[in-house]
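J.: please find the sequence and the predicted model below.
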Amino acid sequence: MGPIQNLHEILSWLRRRWRLMALTTLLGALAGVILAVNTDRVFTASAVIQVINPVIVAASEDGTGAASTDVTRRVQVIEQQLMSRDALLDLAQRHRLFEGMPLNPSEQVALMRRAFTITSIAAAQQGFARDGSLSALVVSADADDPQTAADIANELANQLVQRSVDARQSNAQQALDFFRAEETRLETSIATLEDDIAEFRSQNEAFLSDSVALRRAERARLIDGLRDLQADLSARQSELDTLDQSSTRTVVQRQVATLRDSVEQLSQQEVEMRSRIAEIQDILTRSPGYEQQVLAMNRRMEQLQAQLTAAADRRREAELSARIEDDQQAERFELLERALVPEYPVSRSRKTVAAMGIVAGLMLGLMLAYGLEWMQPVMRTSARMERDLQLRPVISIPFTMSVRERRRRVMIWGLGGLVLIGLALASALQLGLI
């Protein structure tokens, strides 16, 4: 049970406490107006970029197109570039976003990174698998001025499109230059190795496989000839031993001299043949080492030729990619919708904030008035006395305020009103409304 239980008591309560309610309502309205004036109006502008699928897809190393993951990665790289510290500070300086605001560069960058966003929209696909392909990009910008929001959104969208084109063309040209340089380097290495192989064969021809076969045949002939020579030498030596070398006969002396010359010549030939056989044997012994060097050089030549073939294939692919980029036949970004100047802010309306202040002041006044009734449970009517005490009053005399008390209250309320008016004027001057 409370102090107010019927319509008559409600009306009486409102008549007694209307000043307090009016005061709190006025304070709430003043607070609402101040908050509404201080509330920043935020406008959002968005530009839409369409991701156009490639007409011709250049094959990757595994034979498949790599456009899906490449576009996602490229968007991330471009977004990081656009949201970098230097790029954002330059954007803020050109659009004068923080003129007269006591913010350091770090705070400005943090605010802009929250205000500017690039949202990727995934392409529709069958099933549950996702390959990372995109269908569109939405570039949004928040600002307190609608024209500034639209300008920034369009600028970021244009930069994103242009950076995407530049990145693809730059990558294609860099790949083409690299493979051209690699092909030239490999051709130079092959020419140098060919000269080294020719010089090595010329200097060590006797140790190579073609000459080794001839040396083996020559050694076989020399060995056979050495056997015949040794047999002939042995026969001549035996014949010489059968003669009487101390005989004084002219015929015998002539035969001895002839046999001695033959034995000496055959011995000299035997020494030369043995020397030649030893020389050939040395060549045959050292030949495998030289042959291994030739094989190593040939293997190196095969590797360089295989690398040259691969580099030539990659260079042709790079040339195709460069032509595709020049003809704009590859995957690309196209500005589908430019950001328009927003007509209405996305933040809460100032009228709503002011109305909320009035409602809050009125509710506060009702609560305070009702609380005062609870704190001062005065029986103001005979019906209230009869209901609470079960006693019927014989006579009730209405309360009549004295003139002095009425003047005192009027002065208090007037002074309070002047104070409120002064506070309102001071707030308006401080906010620059007057």
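T.: Looks like it came in fine.

J.: so where's the stretch 301-434 of the chain uncertain?
T.: For the stretch 301-434 of the chain, the stretches with pLDDT under 70 are 324-331, 347-350, 376-401, 409, 413, 416-417, 420-421, 423-434.

J.: what segments of it are strands?
T.: 332-337 (DSSP state E, counting those that start in this stretch).

J.: now the helices: where do they sit in it?
T.: 350-375, 382-389, 403-431 (DSSP state H, counting those that start in this stretch).

J.: ok, now the stretch 1-150 of the chain?
T.: 7-38, 67-82, 85-95, 105-115, 146-203.

J.: in the first one, what's buried?
T.: Along helix 7-38, these residues count as buried under the neighbour rule (16 or more other CB atoms under 10 Å): 9, 13, 17, 21, 23-34, 36. Every C-beta, even on glycine, is put in place using the N, C-alpha and C of the backbone.

J.: ditto for the second one
T.: By neighbour count on 16+ other CB under 10 Å, the buried set for helix 67-82 is 67-68, 70-72, 74-75, 78-79, 82.

J.: got those residues as a markdown table, with distance to Ala181 and pLDDT columns?
T.: Formatted as a markdown table, those follow (distance: CB to CB, whole Å; pLDDT from 0 to 100):
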| residue | distance to Ala181 | pLDDT |
| --- | --- | --- |
| Ala67 | 26 | 48 |
| Ser68 | 30 | 47 |
| Asp70 | 23 | 71 |
| Val71 | 28 | 77 |
| Thr72 | 30 | 80 |
| Arg74 | 24 | 83 |
| Val75 | 30 | 85 |
| Ile78 | 27 | 88 |
| Glu79 | 32 | 89 |
| Leu82 | 32 | 90 |
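
J.: kindly indicate which of those residues lies nearest Ala257.
T.: Nearest to Ala257 out of the buried residues of helix 67-82 is Asp70 (CB to CB; 100.0 Å).

J.: what's the helix or strand hosting Glu270 packed up against?
T.: Using DSSP states H and E, Glu270 sits within helix 250-326. Helices and strands touching helix 250-326, by 3 or more CB pairs under 8 Å, 6 or more residues apart in numbering; DSSP states H and E, are helix 146-203, helix 209-242.

J.: how far off helix 209-242 does that helix point, in degrees?
T.: In terms of direction (axes from the mean of the first three to the mean of the last three CA atoms, to 10 degrees), helix 250-326 departs from helix 209-242 by 170 degrees.

J.: distance from helix 250-326 to the middle of the chain?
T.: 58 Å (CA atoms, centre = their mean, to the nearest Å).

J.: and for stretch 184-194?
T.: Taking mean C-alpha positions (CA atoms, centre = their mean), stretch 184-194 and its chain are 37 Å apart.

J.: send the alpha carbons of that stretch over as PDB?
T.: Only the C-alpha atoms of stretch 184-194 are listed here, as PDB (Å, rounded to 0.1, in the frame of the first residue of the first chain):
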ATOM      1  CA  THR A 184      70.400 -15.600 -71.100                       C
ATOM      2  CA  ARG A 185      72.500 -16.800 -68.100                       C
ATOM      3  CA  LEU A 186      72.000 -20.400 -68.900                       C
ATOM      4  CA  GLU A 187      72.900 -19.900 -72.600                       C
ATOM      5  CA  THR A 188      76.100 -18.200 -71.500                       C
ATOM      6  CA  SER A 189      76.900 -21.000 -69.100                       C
ATOM      7  CA  ILE A 190      76.300 -23.600 -71.800                       C
ATOM      8  CA  ALA A 191      78.500 -21.700 -74.300                       C
ATOM      9  CA  THR A 192      81.300 -21.500 -71.700                       C
ATOM     10  CA  LEU A 193      81.000 -25.100 -70.800                       C
ATOM     11  CA  GLU A 194      81.100 -26.100 -74.500                       C
END
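
J.: from now on call the first residue 4
T.: Will do, 4 is the new start, and the previous item becomes stretch 187-197.

J.: tell me the buried residues in that stretch?
T.: 189, 192-193, 196.

J.: for Arg44, state which of these is nearest.
T.: Leu189 (64.8 Å).

J.: so what are the domain limits for this protein?
T.: As assigned by automatic domain parsing, the chain contains the domains 10-42+351-402, 46-176+335-340, 188-321.

J.: got these as TSV, with distance to Phe182 columns?
T.: Below are these laid out as TSV (distance: least, CB to CB, whole Å):
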stretch	distance to Phe182
domain 10-42+351-402	59
domain 46-176+335-340	11
domain 188-321	4
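
J.: pick out the shakiest of those, pLDDT-wise.
T.: Within the domains of the chain, confidence is poorest for domain 10-42+351-402, with a mean of 71 (mean pLDDT).

J.: could you pull up the residues touching Leu229?
T.: 273, 276-277, 280 (CB atoms under 8 Å, 6 or more residues apart in numbering).

J.: roughly how far does it sit from Leu236?
T.: 10 Å (CB to CB, to the nearest Å).

J.: which residues are common contacts for the two?
T.: In contact with both Leu229 and Leu236: Glu273, using CB under 8 Å, 6+ apart.

J.: just to revisit the earlier point, could you redo the helices and strands packed on helix 253-329 as TSV and give each row distance to Ala309?
T.: Formatted as TSV, the helices and strands packed on helix 253-329 follow (distance: least, CB to CB, whole Å):
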stretch	distance to Ala309
helix 149-206	10
helix 212-245	24
